[in-house]
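1. Take this sequence and fold it.
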Amino acid sequence: MSVRRDVFQAIADPTRRQIMTMLADKKMNVNSISEAFDMTRQAISLHVKILQECNLISIEKEGRERVCKAQYEQLAAVNDWITDLRGIWMNRFNNLDNVLGNLKNKHNEI
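-> Numbers count the residues shown, from 1 in each chain. A predicted model of the protein is given here:
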């Protein structure tokens, strides 16, 4: 049975977010990525595999190396989700502001 992964699982882990940040600037091989972390290359390879399964990076062969390249189009789903939540919370905060404003006005009338 294979594990179904999505972009939210990928960005849930701080190591994967850091790898994504590193790859935003340039392509890197797995060895170069692993040098930036205090964990085994095998652990970094697992994080890279998850990012690849979530279509946030692609891995290309360049000579004898596997090079990781960012492809962050999938992050649009995260942006859409955050935008929706932001709208919901902004409405709630505006309602709270109205309630507090009414309470303040009533207090000032006393």
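2. residue nearest the centroid of this protein?
-> Geometric centre of the chain, nearest residue: Ile11, 3.4 Å, by C-alpha atoms, centre = their mean.
3. In this structure, where's the longest helix?
-> helix 75-109 (DSSP state H).
4. which non-adjacent residue is nearest the residue nearest to the centre of the chain?
-> Arg17 (5.7 Å; C-beta to C-beta, 6 or more residues apart in numbering). C-betas here are computed from N, CA, C, even on glycine.
5. Run the angle between the host helix or strand of the one you found and helix 75-109 for me.
-> Taking DSSP states H and E as the definition, Arg17 sits inside helix 14-25. Counting by axes from the mean of the first three to the mean of the last three C-alpha atoms, to 10 degrees, helix 14-25 lies at 110 degrees to helix 75-109.
6. Show me what counts as buried in helix 14-25.
-> Using 16 or more other C-beta atoms under 10 Å as the test for burial, helix 14-25 gives 15-16, 19-20, 22-23.
7. can you list those in a markdown table and add distance to Gln74 and pLDDT?
-> Below are the buried residues of helix 14-25 laid out as a markdown table (distance: C-beta to C-beta, whole Å; pLDDT from 0 to 100):
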| residue | distance to Gln74 | pLDDT |
| --- | --- | --- |
| Thr15 | 18 | 97 |
| Arg16 | 13 | 97 |
| Ile19 | 15 | 97 |
| Met20 | 11 | 96 |
| Met22 | 17 | 96 |
| Leu23 | 13 | 97 |
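8. Phe8 reaches Ile82, doesn't it?
-> No: using C-beta atoms under 8 Å, Phe8 makes no contact with Ile82, being 11.0 Å away.
9. for the longest helix of the chain, the distance to its chain's centre please.
-> Here helix 75-109 is found 24 Å from its chain centre; the criterion is C-alpha atoms, centre = their mean, to the nearest Å.
10. on contacts alone, who are the packing partners of that helix?
-> helix 7-11 (3 or more C-beta pairs under 8 Å, 6 or more residues apart in numbering; DSSP states H and E).
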